[in-house]
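S.K.: Structure here, sequence nowhere to be found:
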């Protein structure tokens with residue numbers, strides 16, 4: 001399968017549009033917090049994230065086309081062995097077309113929002129070639 005790009009609309013699946021709209025209107029508390037405090041309104045380093053975006057045969061909780069990044073907020077239903085296997089296969093399929101998936105538990109989002117945000121920022125900085133926080137290049141100090 002070809003890599004996700006503007007030419008193939010990042011593998012948008014119009015058959016899932018209605019379900020995605022329903023999910024957007026009934027976000028979980030952790031998804032709503034992630035959207036309001038971290039990803040919405042280009043708060044994450046100016047990048048635009050979309051909520052409940054259909055990709056291939058899946059609906060991603062949050063997706064940034066420019067970064068080819070999907071962020072999933074997993075509730076307790078993702079804890080059993082079958083769900084973990086499904087999530088791994090989903091991440092594999094999305095990876096085949098160029099997406100990276102970052103997963104966070106609902107608990108992490110609700111109780112460690114700063115750490116969740118820092119992990120996403122660090123991932124973006126690494127992808128965009130920025131020096132990692134605390135490195136001599138980012139602090140202007142010599143080792």
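M.R.: Good, I have the coordinates. A quick note: this is a predicted structure, and the numbers were derived from the prediction, not measured.
S.K.: Please make it C-alpha for all contacts and neighbour counts, starting now.
M.R.: OK.
S.K.: So which residues of this protein form strands?
M.R.: 50-55, 58-64, 69-74, 100-105 (DSSP state E).
S.K.: would JSON lines of the ones you listed with mean neighbour count, distance to residue 82 and mean pLDDT be doable?
M.R.: As requested, those are exported to JSON lines (neighbours: other C-alpha atoms under 10 Å; distance: least, C-alpha to C-alpha, whole Å; pLDDT from 0 to 100):
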{"stretch": "strand 50-55", "mean neighbour count": "23", "distance to residue 82": "21", "mean pLDDT": "98"}
{"stretch": "strand 58-64", "mean neighbour count": "21", "distance to residue 82": "17", "mean pLDDT": "98"}
{"stretch": "strand 69-74", "mean neighbour count": "21", "distance to residue 82": "14", "mean pLDDT": "96"}
{"stretch": "strand 100-105", "mean neighbour count": "16", "distance to residue 82": "16", "mean pLDDT": "96"}
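S.K.: could I get those as CSV with distance to residue 12?
M.R.: Listed next are those as CSV, based on distance: least, C-alpha to C-alpha, whole Å:
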stretch, distance to residue 12
strand 50-55, 5
strand 58-64, 9
strand 69-74, 13
strand 100-105, 16
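S.K.: Of those strands, give the one that comes closest to residue 124.
M.R.: Among these, strand 69-74 comes nearest to residue 124, with 9.1 Å by C-alpha to C-alpha.
S.K.: tell me what that closest one is packed against?
M.R.: strand 58-64, strand 100-105, helix 106-111 (3 or more C-alpha pairs under 8 Å, 6 or more residues apart in numbering; DSSP states H and E).
S.K.: burial count for residue 10?
M.R.: Counted with other C-alpha atoms under 10 Å, residues neighbouring residue 10 total 21.
S.K.: what's the pLDDT at it?
M.R.: pLDDT, residue 10: 97.
S.K.: Excluding chain neighbours, what is closest to it?
M.R.: residue 4 (4.4 Å; C-alpha to C-alpha, 6 or more residues apart in numbering).
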